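Undergrad: Below is the structure, and that's it, no one-letter string:
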């Protein structure tokens, strides 16, 4: 029940940002259609851009549908790099609304395949990135880096937000303990549980006034 509740809460908070992100390509599509109606001319460049905008809407809608489905937990070999890319499609919408830049760098030198339930990994990535977004003032930055270790992949998520003092840092991951005024603490608690189920670990370091770093470590296959 905790997992379902937190999942629906995350989706609800993403909805406004995603709707805004979908409205942008829709505005472009409407403009091109009106232009072609007025000019009565066929323009292949317009059609190419319109097709690209439709694909973006389809990608965002598809990711939201996957997150909203109630599915049995099924572990399968998946590329963690691709899972993260799919999550960033959603999170960049919310980041754009808050004027926050997300930079993702791939420094892996080995396989990033993991044995996982991809929907649950998506939930973890969303929770962590969402927490980073909420801790950063406007014009902030989130830096995401993927690195390789022997038989492991590290997803490092760093923000330049407010940071967390040591006393609160020690309690992160406890259900119903949150550093946010209206937070439930369930998001991080569920994330810890999911990563543990995947034989991985989460490590959080932070400094007040400088920001927070979250390392998600998963075994590769």
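TA: Happy to help now that I have it. Just so we're clear, the structure is a prediction, and the values are computed from it rather than from any experiment.
Undergrad: Could you use CA atoms for every contact and neighbour count after this?
TA: Noted.
Undergrad: quick one: furthest residue from the center of this structure?
TA: Of all residues in the chain, residue 40 has its C-alpha farthest from the mean position, at 41.9 Å, by C-alpha atoms, centre = their mean.
Undergrad: Against residue 47, how distant is that residue?
TA: 14 Å (C-alpha to C-alpha, to the nearest Å).
Undergrad: Let me know the pLDDT of residue 50.
TA: According to the prediction, residue 50 has pLDDT 87.
Undergrad: same question but for residue 182, I mixed them up
TA: Looking at residue 182, the pLDDT reads 48.
Undergrad: can you map out the helices along this protein?
TA: 2-39, 44-68, 80-97, 118-135, 166-169, 186-197 (DSSP state H).
Undergrad: closest to residue 112 out of the ones you listed?
TA: helix 80-97 (5.7 Å; C-alpha to C-alpha).
Undergrad: Let me know the average pLDDT across the closest one.
TA: 88.
Undergrad: now for it, which elements pack on it?
TA: helix 2-39, helix 44-68, strand 101-106, strand 113-116, helix 118-135 (3 or more C-alpha pairs under 8 Å, 6 or more residues apart in numbering; DSSP states H and E).
Undergrad: Going by contacts, tell me the helices and strands next to the fourth one.
TA: Applying 3+ C-alpha pairs under 8 Å, 6+ apart, we find strand 113-116 packed against strand 76-79, helix 80-97, strand 211-219.
Undergrad: same thing with the last one?
TA: Applying 3+ C-alpha pairs under 8 Å, 6+ apart, one finds that helix 118-135 makes contact with helix 44-68, helix 80-97, strand 152-159, helix 186-197.
Undergrad: The ones you listed: which one's closest to residue 168?
TA: helix 186-197 (13.2 Å).
Undergrad: Tell me which residues of that closest one come out buried.
TA: Across helix 186-197, burial judged by 16 or more other C-alpha atoms under 10 Å covers 186, 187, 188, 189, 190, 191, 192, 193, 194, 195.
Undergrad: cool, stretch 129-137 as well?
TA: Applying 16+ other C-alpha under 10 Å to stretch 129-137 flags 129, 130, 131, 132, 133, 135, 136 as buried.
Undergrad: for these, which one is nearest residue 76?
TA: residue 129 (23.7 Å).
Undergrad: Please verify my assumption that the closest one contacts residue 91.
TA: Yes. Applying C-alpha atoms under 8 Å, one finds residue 129 in contact with residue 91, separated by 7.4 Å.
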